[in-house]
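Novice: Okay, predicted coordinates and the sequence, questions at the end:
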Amino acid sequence: MKSKSLSVSFLVIALGLPLPGVETPPPATNTLSLDSVLREVLDQNPSLRAARAAADAMDARIPQARAWDDPRVGVDIERNGTARFFDWTDNEWMVSQAIPLNGKNRSRARAASAEADAARADIRHREIELIVRARAAYARLANAQAQLELSRDLERLFRQHLEVLQAKFSTGMAMQGDALMVEGDLVKLLEARRDLDRRASDEQSQLNLLMNRPPQSPLAAPAPNVFVDLKFNLDDLQQLALTSRPDLQSVQHRINAAVARVDLAKRSWIPDPEIRVEARQVNGRGGFINEYDTGIFFSFPWLNRGKYRSAIVEAEKSREVTELELDAARAQVLGAVRDQLRKIETQHHHYMLYRDRLVPLARQAAEAARVAYVNGKAQSIDVITALRTVREVTAMHQDHLQDYLVAVAELEGVIGRPLGELREKKNSN
């Protein structure tokens, strides 16, 4: 009678159900939430902070590009009747300023502003990239924790059944080979747990590094992975990716900068006037005498036609290269959206198949094996095999859930927008 009750205990443990008369412990309150992880990643990640600093540096270039050339101040020292260096007859002081009438400074400012916009788009691209990595690491860590729990439950199952077999062996009702087989499975289970511990450690290190923490910093247990059934339309996602991806926006801003640089190269043909004011100081009279000269000067770029024509060609080719890069990037994005959607659909199919068919069938087989064992119509190894199959199928079920959630997170990176925003937009419509 004792062996029958233990067999029932085996089954409920294997199915993840509470034992009769045993209260299920309340869920832990010290849980690592995904939202807190993402907030800390966005606040503390060093590569993201570096990208923000680089964008601030690009913003600081705009007023520099818009500014006029620095004024020039000089003196012309004249000497009559002497060759001594410190003797002089009169000094002619000069102040000049180039006036940017051709608008080159404005073209430079437009190019700098577009490059700053590209840097800001790069920040958003980096944010999404880090969010995807953090969500994927969180899902893998939650899966590793779930697999460890499954492993511990299965270990309890093997140890309890081993006690039953040893008790039966002492009365001659079981063979020693059955107990040895269970011990071998138990050793394999403990060895596999080392790999699970390493997987969990790897994901903890990854999350810590993303949050700019020491890799060995302790983390609370993550919340269990939860399946969310999402439906997507390929055409809608592709169009959304073309308009939302920050890297495409960055390339478009670079095109705007290249256009501004083409305009700048063309404006270089137009000379800027330079206004000069001169005042003469005569030695021995003190101060400045009432003699002032004014002048206007122009550069003469037409003598260097090859130089300026080459600058225009260079700027136009740079613009052409960037435009072709945008076309190539758009094509790659369309393909990436299609491939990622197929990946999600495949993982969705695997998860639903395990949830709706394979896991229930494995549990039914375990129940049938238990009943047959209680009635003396099956061997203990049949029960162990059936229950082990339940755990293997359940573990694979958890892996497919993890792969589905990771694929969904990766889709956010492919389209360049969090899926939460998509659901909110869909609900509002």
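Specialist: Looks like it arrived, so ask away.

Novice: in this structure, which spans are strands?
Specialist: 31-32, 72-78, 90-98, 221-222, 273-282, 292-298 (DSSP state E).

Novice: and the third one, what other elements does it pack with?
Specialist: Counting contacts by 3 or more CB pairs under 8 Å, 6 or more residues apart in numbering; DSSP states H and E, strand 90-98 is packed against strand 72-78, strand 273-282. C-beta coordinates here come from the backbone N, C-alpha and C atoms, glycine included.

Novice: Direction included, what does the first one pair up with?
Specialist: Here strand 72-78 has these sheet partners by DSSP bridges: strand 90-98 (antiparallel).

Novice: quick one: contacts for P222?
Specialist: T31, L32, L34, Y138, L141, A142, Q145 (CB atoms under 8 Å, 6 or more residues apart in numbering).

Novice: from those, which would you call buried?
Specialist: Buried subset of those (neighbour count, 16 or more other CB atoms under 10 Å): L32, Y138, L141, A142, Q145.

Novice: The first one pairs with what?
Specialist: With DSSP bridges as the criterion, the beta-bridge partners of L32 are P222.

Novice: how far away is it from R213?
Specialist: 12 Å (CB to CB, to the nearest Å).

Novice: Same question for the fourth one.
Specialist: A142 sits 18 Å away from R213, going by CB to CB.

Novice: Please apply the same query to the last one.
Specialist: Distance check for Q145 against R213: by CB to CB, it reads 19 Å.

Novice: And the furthest pair within the contacts of P222?
Specialist: L34 and Q145 (13.7 Å; CB to CB).

Novice: Contact partners for the nearest residue to N105 once chain neighbours are set aside?
Specialist: Closest residue in space to N105, ignoring its immediate chain neighbours: R66 at 5.5 Å, by CB to CB, 6 or more residues apart in numbering. Applying CB under 8 Å, 6+ apart to R66 gives the contacts N105, R106, R108, A109, A112.

Novice: Closest to N45 out of those residues?
Specialist: Out of those, the member with the shortest distance to N45 (by CB to CB) is A112, at 26.8 Å.

Novice: ok, the residue nearest to the closest one when sequence neighbours are not counted - contacts?
Specialist: Nearest non-adjacent residue to A112, counting by CB to CB, 6+ apart: A65, 4.1 Å away. By CB under 8 Å, 6+ apart, A65 lies in contact with N105, R108, A109, A111, A112.

Novice: Low-confidence stretches in the stretch 101-250 of the chain?
Specialist: Where the stretch 101-250 of the chain drops to pLDDT under 70, the residues are 161, 164-165, 168-178.

Novice: what's the residue nearest the centre of the chain in contact with, if anything?
Specialist: Residue closest to the mean C-alpha point of the chain, counted by CA atoms, centre = their mean, is E129 at 1.5 Å. Shown in contact with E129 (CB under 8 Å, 6+ apart): G413.

Novice: Distance check, it against I123.
Specialist: 11 Å.

Novice: R199 too?
Specialist: 32 Å.

Novice: Ignoring the adjacent residues along the chain, who's closest to H348?
Specialist: Y404 (5.9 Å).

Novice: Is there a neighbour count for that neighbour? I'd like the number.
Specialist: For Y404, the count of nearby residues is 26 (other CB atoms under 10 Å).

Novice: just checking, it touches T346?
Specialist: No. In this structure, Y404 is not within contact of T346 by CB atoms under 8 Å, at 9.1 Å.

Novice: Before we move on, what's the pLDDT of the residue nearest to N105?
Specialist: Here, the pLDDT recorded for R66 equals 91.

Novice: Tell me who's in contact with F297.
Specialist: If you count contacts by CB under 8 Å, 6+ apart, then F297 has S96, P273, E274, R276 around it.

Novice: Equivalent analysis for A121, please.
Specialist: Shown in contact with A121 (CB under 8 Å, 6+ apart): P246, D247, Q249, S250, H253.

Novice: can you rerun that using 7 Å?
Specialist: By CB atoms under 7 Å, 6 or more residues apart in numbering, A121 lies in contact with P246, Q249, S250, H253.

Novice: With M94 instead?
Specialist: Counting by CB under 7 Å, 6+ apart, the residues that M94 touches are G74, D76, R276, E278.

Novice: Burial check on the third one, number of neighbours?
Specialist: Okay, so that is R276. The burial count for R276: 15, using other CB under 10 Å.

Novice: who's it bridged to?
Specialist: With DSSP bridges as the rule, R276 is bridged to S96, G295.

Novice: sorry, back to before: list just the nearest of the contacts of A121 to R355.
Specialist: R355 lies nearest to P246 out of the contacts of A121, by CB to CB, at 35.5 Å.

Novice: Roughly how far does that closest one sit from E410?
Specialist: Separation of P246 from E410 (CB to CB): 16 Å.

Novice: which one of those two has more residues nearby?
Specialist: Set P246 next to E410 and count neighbours by other CB under 10 Å: P246 wins out with 20 against 17.
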